[in-house]
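Engineer: can you look at this prediction? I've put the sequence above it.
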Amino acid sequence: MKVAPGEPDLRRVIDEEREVEGLGEQELLDLYRSLVLLRTYDERSLVYHRQGRIGTYAIFWNHEAMQAGSVHALADEDWIFPSYRESAIGLLRGIPASTILHWWRGHPAGWWNPADYNVASIAVPIASQVPHAAGLAWGKKLHGETAAAIVYFGDGATSEGAFHEGANFAAVMDAPLILFCNNNQWAISTPVEAQTRAETLAAKAAGYGIPALRVDGGDVLAVYEATREAVERGRAGGGPTFIEALSYRAAPHATADDPRVYIDLEKVEAEKQNECVGRYERYLRRLGFLDDARVDEVKTEALETMKRGIAEAEAEPDPDVGLVFEHAYANPPASFARDLAELRRVLGGERG
Amino acid sequence: MVEAINDAFHVELARDDSVMVMGEDVGRAGGVFRATAGLRERFGENRCVDTPLAEAGILGTAVGLCMAGWRPVCEMQYDAFSYPCLDQLITHVGRYHWRTGGGMEFPLVVRMPYGGGVRAPELHDDSPETYYVHTPGVKVAIPSTPADAKGLLAAAIRDPDPVVVLEPKLIYRTERAEVPDGEHVVPLGKARLAREGSDLTLVAYGAMVPLCERVAEALAGEASVEVLDLRTLKPLDEDSLLASAAKTGRVVIVQEAPRTAGFGAEVAAILAEKAILDLQGPVLRVTGYDVPYPYWKVEDAYMPSVARVLDAARRLLAF
């Protein structure tokens, strides 16, 4: 199979004032709702963190277009493998906001069963989720199912062995996998030039025999269109596709990070001026699908979701110490019951 | 022993359509030790898969296969080649069931030939059991007989949790014994009394079990020696260990892995915590040394030998 090296130019829809075939007013507005929900989740989380209501939090401000655009191109049967940058992507599949807030609050109620939403757990070690997604996509194909998988990772992840092994596995097995790289050009403080000598990250895909697409990561419709193409190829037996979505990280890596010491603040400012939710909003207004009233309604709805989410999360009692042991094994060793009994005895003594 | 492992695969793949085997050279070649011979021909290339050469990728992909409803059995070609897979084992395999609040099971198996004494090149001789035992969320079994090799592998395949099975390659072809036909399961977490005795217990697993049996034989007439084959390192059968220590009052632990923080240290700690009043002398260890596994012209000096175990046993008996 011959595969061309990744495209040099970024695919765009919004800036080119194009329309995406198959997307009517309803679909376009649904996509807007998802964008605003993710944006609101992120902005509220930063506030909750500052108020001490959640722990360290990985900000994804201005990554919403990459997340919502790609998820909207999937069918419900398709699986999502998020990294911590996509911690709230499950909102788009019906995971309650409280569950994700619990995760950031360090509460075991932040667990969910991936099979309930076809959304895998949030992967913390960089790129380590890529082989999982390859295995899921391959395993579904072996069962004769049509489900595809999408896995999210950043530019730094393409330096990891797990990225390489997962991409190669998926390629060899013709697995319907979308390797979605959100290239925001920074891995904490390390710029993408320090990660690779390759001209683009998409160029790496050719080595695996995988086609690659490059999109403007702030253009939700370009992301949607590219992902749809990749999913269709995968379902048709064409194997994996690599998507490089380019942006510039306009927020800190996480709440514990101060990027002013390393980042190009002019570029940050330019990115902020062109941030993805506003770009899409202006596009919809030009099409006549969005006015001030609708914008307010969508924003209010998202804020309500977050208000409910944090209230539910904070109403949850602290976990019982039994959860230290519970679920470590499906079939736990007998020693756990003894350890827990002793722990309860000692803790009981402390309280008394 | 290796034929017994192959037999287990034939039985388990025929029994359960969701069981699949994956690894380097397991399909067309049937494995470098022939453990998976005939599986690809019988069950097809989708259930006995030759993978790319990528140990972390094999185990990472197996996580996703579990999510898709498969029960993958991953072969690591040799003990020391398994180290790249520790990344996935520690960060995901041992945690994923927990991370889903018990919602999803990850019934995968990692199996590999392990251990020294086979005149092999560097990094074909390691005893990595402690790395696996120390990883929360996984279980570890090590057979020492052909029947147990079949039965423990079957138990590992059927278990809902990830299980690592380390197969002592030194006795892959030397240990020959009757193996039950058809389905044969040896439950995880149950030790085996390989030989009964009353004066001293040799605690061992894997290739050290037949060695300890030779030591017991050599001591016949001098002392009555019990040999306890742990079979499963995690979960450990503490009851059998403590019962034997209570009976003989003297324990020597034999492991071929390096000494420091090896599994023998765990066994010794349990005896110190729970059997102190039963003991007639110190718990002794005969182990490999805290060095890289030596080149094979000198490996016999590294491996616990009949002479070294005899020496330890006699010192303890004379204590």
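Structural biologist: Nice, I can see it.

Engineer: residues near B:His32, how many?
Structural biologist: Actually, residue B:32 is Val rather than His. 15 (other C-beta atoms under 10 Å in any protein chain shown). Where you see a C-beta, it was placed from the backbone N, CA and C, and this is true even at glycine.

Engineer: ok, B:Gly57 next?
Structural biologist: Quick note: B:Gly57 (other C-beta under 10 Å) scores 28 neighbours.

Engineer: so it versus B:Ile157, what's the distance?
Structural biologist: Separation of B:Gly57 from B:Ile157 (C-beta to C-beta, to the nearest Å) stands at 21 Å.

Engineer: check contacts around B:Glu24.
Structural biologist: Residues counted as contacts of B:Glu24 (C-beta atoms under 8 Å, 6 or more residues apart in numbering or on different chains) are B:Asp50, B:Thr51, B:Leu53, B:Ile58, B:Glu75, B:Gln77.

Engineer: next one, pLDDT for the closest residue to the first one other than its chain neighbours please.
Structural biologist: What it means is B:Asp50. In space, not counting the residues next to it along the chain, B:Asp50 is nearest to B:Gly27; the distance is 3.9 Å by C-beta to C-beta, 6 or more residues apart in numbering or on different chains. The score at B:Gly27 is 97. That number is its pLDDT.

Engineer: would you agree B:Gly27 is in contact with B:Glu45?
Structural biologist: Yes - with contacts counted by C-beta atoms under 8 Å, B:Gly27 reaches B:Glu45, the gap being 6.3 Å.

Engineer: have a look at those two and say which one is more surrounded.
Structural biologist: B:Gly27 (21 against 12).

Engineer: mind checking how far the residue most central in space within chain A is from chain B?
Structural biologist: Residue closest to the mean C-alpha point of chain A, counted by C-alpha atoms, centre = their mean, is A:Glu86 at 2.6 Å. Per C-beta to the nearest C-beta, to the nearest Å, A:Glu86 is found 16 Å from chain B.

Engineer: quick check on that residue: phi, psi?
Structural biologist: Phi and psi for A:Glu86, reported as degrees, to the nearest 10, are phi -110, psi 30.

Engineer: let's verify the closest residue to it other than its chain neighbours: helix, strand, or coil?
Structural biologist: Distances taken as C-beta to C-beta, 6+ apart put A:Tyr152 closest to A:Glu86, at 4.7 Å, once the chain neighbours are dropped. Three-state assignment for A:Tyr152 (DSSP: H, G, I helix; E, B strand; the rest coil): strand.

Engineer: what are the bridge partners for A:Tyr152, then?
Structural biologist: A:Phe180 (DSSP bridges).

Engineer: how many neighbours does it have?
Structural biologist: So A:Tyr152, with other C-beta under 10 Å, has 29 neighbours.

Engineer: so which strand or helix has residue 147?
Structural biologist: With no chain named, the answer covers chain A. Using DSSP states H and E, A:Ala147 is not contained in any helix or strand.

Engineer: my question was about chain B, not that one.
Structural biologist: Assigned by DSSP H and E, B:Ala147 falls in helix B:146-158.

Engineer: quick revisit: so who does the residue nearest to the centre of chain A touch?
Structural biologist: Counting by C-beta under 8 Å, 6+ apart, A:Glu86 touches A:Phe60, A:His63, A:Gln67, A:Ile80, A:Ile122, A:Tyr152.

Engineer: about what we covered before: tell me how far the residue nearest to B:Asp50 lies from B:Arg40.
Structural biologist: In terms of C-beta to C-beta, B:Gly27 sits 4 Å off from B:Arg40.

Engineer: residues touching residue 250, list them.
Structural biologist: Using chain A. A:Ala250 sits in contact with A:Trp61, A:Asn62, A:Val268, A:Glu271, A:Lys272, A:Glu275, where contact means C-beta under 8 Å, 6+ apart.

Engineer: my question was about chain B
Structural biologist: Applying C-beta under 8 Å, 6+ apart, the residues near B:Arg250 are B:Asp199, B:Leu200, B:Thr201, B:Leu279, B:Gln280, B:Gly281, B:Leu316, B:Leu317, B:Phe319.
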